[in-house]
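1. predicted model and sequence follow; I will ask about them next.
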Amino acid sequence: MTPTDRDAFERAIEMSRRRDPATRNQINEMLQERSWLDAARQAAYSCQFHSLHLKLWQPPPCWVDDIGADLAAGDDGNLGRYAAARLLKRMLAASLSRYEPDPITALEGKPRVASPA
């Protein structure tokens with residue numbers, strides 16, 4: 001795991017805990033019952049889902065496995081794989097983690113939620 005990914009995961013966990021009591025409880029339970037990495041991946045997914053206003057069937061950038069294949073397949077409209085791959089490509093070009101909790105804000109260069117010290 002890169003330091004950039006770890007920072008993104010830590011911020012995703014913190015953002016998830018701040019969202020609402022139910023989400024805070026869910027992430028805290030996951031941290032107790034599963035590995036830190038499993039909880040962090042869930043938090044990153046959840047944060048990207050909310051920050052990007054995705055539909056239930058649309059994948060977030062953190063779920064893209066093969067950017068090249070998804071881009072080569074072309075625009076799939078509302079299914080979202082192509083859009084997720086395009087966004088992930090921009091994120092990686094900007095040296096962001098694929099797990100960045102709020103990709104658009106990070107790409108715009110706005111201040112991000114700091115990870116806990």
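-> Done, it's in.
2. dump the residue contacts of residue 61.
-> When contacts are counted by C-beta atoms under 8 Å, 6 or more residues apart in numbering, residue 61 touches 48, 84-85, 87-88, 91, 98, 100, 103. No exception for glycine: its C-beta is placed from N, CA and C like everyone else's.
3. one more time with 6 Å, if that's ok
-> 84, 87-88, 98 (C-beta atoms under 6 Å, 6 or more residues apart in numbering).
4. list buried residues within those.
-> Buried members of those, counted by 16 or more other C-beta atoms under 10 Å: 84, 87-88, 98.
5. which among these gets closest to residue 16?
-> Nearest to residue 16 among the buried ones among the contacts of residue 61, counting by C-beta to C-beta, is residue 98 at 17.0 Å.
6. element containing that closest one?
-> Using DSSP states H and E, residue 98 sits in no helix or strand.
7. inside strands: which ones of the contacts of residue 61?
-> Among the contacts of residue 61, no member is found in strands (DSSP state E).
8. could you dump those to TSV with pLDDT and distance to residue 22?
-> Formatted as TSV, these follow (pLDDT from 0 to 100; distance: C-beta to C-beta, whole Å):
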residue	pLDDT	distance to residue 22
84	97	26
87	98	27
88	98	28
98	98	26
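9. between those residues, which sits nearest residue 43?
-> Nearest to residue 43, judged by C-beta to C-beta, of the contacts of residue 61 is residue 98 at 13.7 Å.
10. next, count neighbours for residue 12.
-> 29 (other C-beta atoms under 10 Å).
11. so what does whichever strand or helix holds it touch, helix or strand wise?
-> Counting by DSSP H and E, the element that carries residue 12 is helix 3-19. Where contact means 3 or more C-beta pairs under 6 Å, 6 or more residues apart in numbering; DSSP states H and E, helix 3-19 is packed against helix 21-33, helix 36-51.
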